[in-house]
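> Mind folding the following:
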Amino acid sequence: MILDCSVDDLCSHACARTGGEPCDATEPGLQGFCEWKVNRPGPLIAVVTRPKQARKTCPMRTSIRSLLLLTVIIAVALASYRFGVDRTRERQFTRLNTGTLASNGVRARIRVIASDTLEPVSGAIFETILIGPDGGDGGFHGYTTDENGALLTTQYLHPGRYQIYIRPPKGSRYAVTQFHEPETYLVVRGDGSYSPTEFRMLVNEPPD
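Residues are numbered from 1 along each chain as shown. This is a model prediction of the structure:
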């Protein structure tokens with residue numbers, strides 16, 4: 001805002017606004033003027049700058065920002081919780097399908113069935129022989145199948161390859177069955193998984 005007036009008019013105007021006595025327009029101090037200067041004798045050009053007002057913060061805007069921040073925090077917390085639940089379910093699924101995993105090996109769940117009828121073989125002796133790095137015997141363990149033809153190895157099986165020998169229950173129609181070829185080995189992996197989980201037992205041919 002630029003006022004073009006004489007010094008006397010400017011002084012009178014300032015005094016009228018402040019209600020005070022006439023003042024000297026050649027000195028700073030006129031109420032309402034932040035900056036002024038006299039270019040030359042005669043009219044006084046005064047540059048009036050309105051005082052800056054503090055910016056007011058809208059309460060509603062602050063509330064919206066707080067709500068958005070809270071929403072983000074809740075979303076992150078829910079995502080972390082769901083990730084934890086999914087990981088727990090994955091570990092449970094792994095245990096059900098690969099046995100009980102431990103730092104020193106895995107307890108495998110195996111099922112033995114008849115090769116002809118695929119019915120479970122109860123009372124069979126399931127023997128595992130670990131194939132050592134040099135191809136020799138690295139350890140031997142035996143387990144007995146239950147009424148469902150299933151067993152859980154009581155010993156932890158270390159990662160590696162195992163030959164399998166299945167001995168039939170006494171007086172049964174089943175025959176000794178061996179899995180000693182590389183493609184028929186029980187293979188235990190470093191992540192706790194293993195295969196196969198099911199072995200088929202040979203059946204003696206009926207006498208003529």
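
> Tell me who's in contact with Ile113.
Glu119, Pro120, Val121, Gly149, Glu198, Phe199, Arg200, Met201 (C-beta atoms under 8 Å, 6 or more residues apart in numbering). For every residue, glycine as well, the C-beta is placed using N, CA and C.

> dump the residue contacts of the residue lying closest to Tyr174 once chain neighbours are set aside.
Nearest residue to Tyr174, sequence neighbours excluded (C-beta to C-beta, 6 or more residues apart in numbering): Pro168, at 3.6 Å. Contacts for Pro168 (C-beta under 8 Å, 6+ apart) come out as Val121, Ala124, Tyr174, Ala175, Val176, Met201.

> Which pair of these spans the longest distance?
Farthest-apart pair in these is Val121 and Val176; separation 12.3 Å (C-beta to C-beta).

> ChimeraX command to pick out the buried ones of the contacts of Ile113?
Burial among the contacts of Ile113 is assessed by 16 or more other C-beta atoms under 10 Å; the matching ChimeraX selection reads:
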select :120,121,149,199,200,201
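
> need the contacts of Ile113 in TSV with secondary structure, can you?
Formatted as TSV, the contacts of Ile113 follow (DSSP: H, G, I helix; E, B strand; the rest coil):
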residue	secondary structure
Glu119	coil
Pro120	strand
Val121	coil
Gly149	coil
Glu198	strand
Phe199	strand
Arg200	strand
Met201	strand
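
> Show me where the chain has its strands.
Along the chain, counting by DSSP state E, strands occupy 2-5, 35-37, 44-47, 100-102, 105-107, 109-114, 125-131, 137-144, 150-152, 160-167, 177-179, 186-188, 194-195, 198-201.

> Check the model's average confidence along the second one for me.
Taken as a whole, strand 35-37 has a mean pLDDT of 42.

> Could I get the contacting residues of the nearest residue to Leu118 once chain neighbours are set aside?
The spatially closest residue to Leu118, leaving aside those adjacent along the chain, is Arg200, at 7.7 Å (C-beta to C-beta, 6+ apart). Arg200 makes contact with Val112, Ile113, Ala114, Ser115, Leu118, Thr177, according to C-beta under 8 Å, 6+ apart.

> sorry, back to before: what is the most widely separated pair among the contacts of Ile113?
Glu119 and Phe199 (13.6 Å).

> related to what we said a few turns ago, hey, what's the residue nearest to Leu118 bridged with?
Beta bridges link Arg200 to Ile113, judged by DSSP bridges.
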